[in-house]
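requesting a structural model of the entry that follows:
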Amino acid sequence: MTVAFFSGKARRAGVALGAVSAGLLVLSACGSKPTPIATVTVGSDSYNTEAAENCYDEGGLKESRVQECLSAKGGKEVEVSVDDRIRFGVEPEIAENGWTIFLDGERAEQEPYKKTYRSISASSFFAPGMGGQTSPNVRVALLETDAKTKKAIGVYRFVLKKV
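Next comes the predicted model:
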């Protein structure tokens with residue numbers, strides 16, 4: 001005959017407490033918090049990304065690094081039709097600092113945007129360039145800038161692919 005030292009309720013509470021403790025231990029061992037997320041939504045499809053590799057520093061990125069991050073190829077691929085609306089969303093932390101859209105490495109607007117959400121027609125990204133040609137892909141980078149120091153903090157990259 002075995003004797004139960006703890007009731008079922010006490011055992012479950014002990015297991016839950018152990019799981020929470022282990023989770024906190026794992027989180028504290030991590031040492032760094034994840035970077036904020038930027039999101040592009042087209043129709044019902046959403047595409048999330050953290051800042052590009054080596055393109056995030058809360059203390060501010062070096063100017064040479066910012067240019068490399070903005071002009072680099074790659075990013076989360078997003079298929080769009082010229083008739084679509086593209087919705088950009090950022091976490092409140094990014095919005096508080098301010099964020100600016102860059103197209104193919106070039107600034108597309110003068111002042112940082114301070115809201116968490118905006119919607120832009122896809123046709124704006126695929127306007128004919130010199131010679132009347134349109135590119136099938138557009139690299140879009142969202143640059144987060146510290147509101148006080150004006151230093152770049154992070155670059156979030158997407159590639160809009162025209163379908």
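
okay but K151 is in contact with E144, surely?
No. Contact between K151 and E144 fails when scored by C-beta atoms under 8 Å: they sit 10.0 Å apart. C-beta coordinates here come from the backbone N, C-alpha and C atoms, glycine included.

okay, those two: which has more neighbours?
The neighbour count for K151 versus E144, taken as other C-beta atoms under 10 Å, is higher for E144 (30 against 17).

so who does the more buried one touch?
P36, A51, V90, I94, N97, G98, W99, A152, I153, G154, V155, Y156 (C-beta atoms under 8 Å, 6 or more residues apart in numbering).

with G154 instead?
T35, P36, A51, C55, Y56, D57, L61, I94, L143, E144.

same thing but at 6 Å, please
Residues near G154 by C-beta atoms under 6 Å, 6 or more residues apart in numbering: A51, Y56, E144.

which secondary structure element contains the residue nearest to R118 when sequence neighbours are not counted?
Leaving aside its sequence neighbours, R118 sits nearest to F88 (C-beta to C-beta, 6 or more residues apart in numbering; 5.3 Å). Using DSSP states H and E, F88 maps to strand 85-90.

check the residue nearest the centre of the chain and give its pLDDT.
By C-alpha atoms, centre = their mean, the chain has its centre lying nearest to A38, at 2.5 Å. With respect to pLDDT, A38 scores 96.

what's the answer for the one 4 residues further on, then?
According to the model's per-residue confidence, V42 sits at a pLDDT of 96.

these two touch, right, it and V82?
No. V42 lies out of contact with V82 (C-beta atoms under 6 Å); the separation is 11.6 Å.

out of those two, which sits in the more crowded spot?
Higher neighbour count among V42 and V82: V42, with 17 against 14, using other C-beta under 10 Å.
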